[in-house]
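A.B. asks: this one's structure only:
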């Protein structure tokens, strides 16, 4: 049983009448996560994750991992340090490297604290015993920290110098099969974002320093987004303005249907996919043995999801200025139960009901998804305020009305909804519906959602 009194939950306390100097621009999610003690700032651009937020991150990791395994992915772990020599071979050290953290060991050998792992995973395959065509397609993924020395680290977890990322690297025999893999993994991405129930848009994107012939981004629409997206209301096309080069080259009509219904919105990029071809496999010598017994260069793709950014951006879109609102599958807890205050007149009458409710809730949603706020030295009002600001999907209050002899009532507060007064059976039914909805999202069938490969599908807001 999770008890609120045992949680490490270092809320930010501001003295009354204190004047707070704002040293940086804060996003809504950053302010709430910091004020509520879910995230603490470390050094500039780095963040310490507290237990409540860590629960959400763990849920996101599990969900992403499940989607990658459904897409045929196998999980690996690669070292954070990548020899700089590999990046020299692919030419990626020839450009602007100001965002890279570079270190040297005691013998003077240079390494990158990897912002991404294309070179590392490709070199691994290049030094592996001959890979047979029978082993392909190969889809390898990992979930771990990445590092970028951001010029302007801001908005908390949305643009940090150290962040958590899922990166998948795929290897195929031909460009045709690589495109099939690209479609398979992209379909898994769309299922993942649909499960979060946060409006998102998939856009045509520039390949940038990653290279390759095809690229798409997934965005949550938000005013704090750093990307400008073009959307056509007529055909559904959407693209990042970076595709067209400079802002002055951005078209005034839709590139797909040539219609005039083109608008601009701001987006937070939360995922990116690339069809890389042989950009990395050729210079690093990663090959497979074909059906004729001869070596051929592997054809690659790479696919990233920013785990911590997904959570922060989802909160940015869903939350109010005062209260967090979580995607149902990522909420730290499903239910928070608040009992009577110590010494209150109703305590002796309703505590047995509170204990009975705890047992029944445990059977419905499980001990891990239930938070019991048993800090009874605090008033119900203070604990309810905390629960609302933390954004628990369902908060149940066992208060004075629960002790009524005729028709005892419990208060239930659903995130973003008005208070309800229900009897115990109705409360339990409501909790069960919430759990069933989550299960429906989690057990969505593989074939239910397909991404059309036609251009008109790209860009529709989901």
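C.D. replies: All right, it came through fine. Note that the structure is predicted; figures quoted are calculated from it, not measured.
A.B. asks: how about the helices in the protein?
C.D. replies: 28-35, 51-70, 84-90, 118-126, 175-196, 281-284, 307-318, 347-365, 380-390, 424-442 (DSSP state H).
A.B. asks: would JSON lines of those helices with distance to residue 248 be doable?
C.D. replies: To be clear about C-beta, it is placed using only N, CA and C from the backbone, and glycine gets the same treatment. Output for the helices of the chain, formatted as JSON lines (distance: least, Cβ to Cβ, whole Å):
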{"stretch": "helix 28-35", "distance to residue 248": "32"}
{"stretch": "helix 51-70", "distance to residue 248": "38"}
{"stretch": "helix 84-90", "distance to residue 248": "32"}
{"stretch": "helix 118-126", "distance to residue 248": "32"}
{"stretch": "helix 175-196", "distance to residue 248": "31"}
{"stretch": "helix 281-284", "distance to residue 248": "35"}
{"stretch": "helix 307-318", "distance to residue 248": "29"}
{"stretch": "helix 347-365", "distance to residue 248": "55"}
{"stretch": "helix 380-390", "distance to residue 248": "45"}
{"stretch": "helix 424-442", "distance to residue 248": "43"}
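A.B. asks: ok, which of those comes nearest residue 208?
C.D. replies: Closest approach to residue 208 among those is made by helix 118-126 (12.7 Å; Cβ to Cβ).
A.B. asks: state the distance from the residue nearest to residue 217 when sequence neighbours are not counted to residue 321.
C.D. replies: Closest residue in space to residue 217, ignoring its immediate chain neighbours: residue 205 at 4.2 Å, by Cβ to Cβ, 6 or more residues apart in numbering. Distance of residue 205 to residue 321, computed by Cβ to Cβ, to the nearest Å: 31 Å.
A.B. asks: the more surrounded of these two?
C.D. replies: residue 205 (23 against 7; other Cβ atoms under 10 Å).
A.B. asks: residue 290 against residue 174, yeah?
C.D. replies: No: counting by Cβ atoms under 8 Å, residue 290 does not reach residue 174; the two are 9.8 Å apart.
A.B. asks: got the end-to-end distance for stretch 129-136?
C.D. replies: 14 Å (Cα to Cα, to the nearest Å).
A.B. asks: report pLDDT for residue 96.
C.D. replies: For residue 96, the pLDDT comes out at 83.
A.B. asks: next one: it from residue 151, what distance?
C.D. replies: 11 Å.
A.B. asks: got it, and residue 378?
C.D. replies: Applying Cβ to Cβ to residue 378 and residue 151 gives a distance of 44 Å.
A.B. asks: what about these two, which has more around it?
C.D. replies: Remark: of residue 378 and residue 151, residue 378 carries more neighbours, 17 against 8, as counted by other Cβ under 10 Å.
A.B. asks: thinking the more buried one is in contact with residue 339, fair?
C.D. replies: No: using Cβ under 8 Å, residue 378 is not in contact with residue 339, being 10.9 Å away.
A.B. asks: return the set of buried residues in stretch 422-433.
C.D. replies: 424, 427, 428, 430, 431 (16 or more other Cβ atoms under 10 Å).
A.B. asks: again, but for stretch 104-116
C.D. replies: Neighbour-count burial for stretch 104-116 [16+ other Cβ under 10 Å]: 111, 112, 113, 114, 115, 116.
A.B. asks: for stretch 203-223, same thing?
C.D. replies: 203-205, 207, 210-212, 214-222.
A.B. asks: any idea of the mean pLDDT for that stretch?
C.D. replies: Stretch 203-223 comes out at a mean pLDDT of 89.
A.B. asks: ok, stretch 10-23 next?
C.D. replies: Mean predicted lDDT for stretch 10-23 stands at 68.
A.B. asks: quick check: the residue most central in space within the chain vs residue 193, distance?
C.D. replies: The centroid of the chain falls nearest to residue 310 when counting by Cα atoms, centre = their mean (2.6 Å). For residue 310, the distance to residue 193 (Cβ to Cβ) stands at 9 Å.
A.B. asks: pull up the overlap in contacts between the two.
C.D. replies: 270, 271 (Cβ atoms under 8 Å, 6 or more residues apart in numbering).
A.B. asks: out of everything not next to it in sequence, what's closest to the residue nearest to the centre of the chain?
C.D. replies: Excluding the flanking residues, the one nearest residue 310 by Cβ to Cβ, 6+ apart is residue 270, at 4.9 Å.
A.B. asks: and residue 288, by the same measure?
C.D. replies: residue 131 (4.3 Å).
A.B. asks: same question, residue 394
C.D. replies: residue 335 (4.8 Å).
A.B. asks: wouldn't the one you found be in contact with residue 361 here?
C.D. replies: Yes: here residue 335 reaches residue 361: they are 5.9 Å apart, a contact under Cβ under 8 Å.
A.B. asks: which one of these two is surrounded by more residues?
C.D. replies: residue 335 (26 against 23).
A.B. asks: who's that one bridged to?
C.D. replies: residue 370, residue 394 (DSSP bridges).
A.B. asks: gap between residue 296 and residue 169?
C.D. replies: Taking Cβ to Cβ, one finds residue 296 at 18 Å from residue 169.
A.B. asks: same drill for those two, tell me which one is more crowded.
C.D. replies: residue 169 (27 against 16).
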